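1. Sharing a sequence plus its predicted fold:
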Amino acid sequence: MKSTHCIASLLLWIGGINWGLVGLGGFFDKNWNLVEWLLGSWPVVTWTVYVLVGISAVYVVLTHKKSCKDCEGNCEVEESESNDMGQSM
């Protein structure tokens, strides 16, 4: 399970950087699509990378709270703190 999380995280980094470059390139009327630049001669491979990035995003959204040590239990603490604040007002 840890290796799946690591692969999904890596693909999200790739996807995030790529979309950031695509957006930034749009302001300068440039195409800075890194995935297309690296794999442009193989469109099926490029599409596969996009699909894997999308699947990784869904996977991380569904499993992030269970696999992330930083998020473990924090939501419950924040909810109880906000309830305490609401009651004191």
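-> Here it is on my side, so go on. Numbering: from 1, shown residues only.
2. Could you use CA atoms for every contact and neighbour count after this?
-> Noted.
3. isn't W19 right up against N33?
-> Yes - checked against CA atoms under 8 Å, the pair W19 and N33 is within contact range at 7.4 Å.
4. Check the spacing between T63 and V35 real quick.
-> 26 Å (CA to CA, to the nearest Å).
5. Same drill for those two, tell me which one is more crowded.
-> Taking other CA atoms under 10 Å, T63 and V35 do not tie; V35 has more neighbours (18 against 12).
6. any weak-confidence spans in this protein?
-> 1, 70-89 (pLDDT under 70).
7. what about the helices in the chain?
-> Taking DSSP state H as the test, the helices found in the chain are 2-27, 34-39, 43-67, 74-88.
8. angle of the third one against helix 2-27?
-> The one in question is helix 43-67. Direction vectors for helix 43-67 and helix 2-27, defined by axes from the mean of the first three to the mean of the last three CA atoms, to 10 degrees, enclose an angle of 120 degrees.
9. thinking in terms of the whole chain, how far from its middle is helix 43-67?
-> 8 Å (CA atoms, centre = their mean, to the nearest Å).
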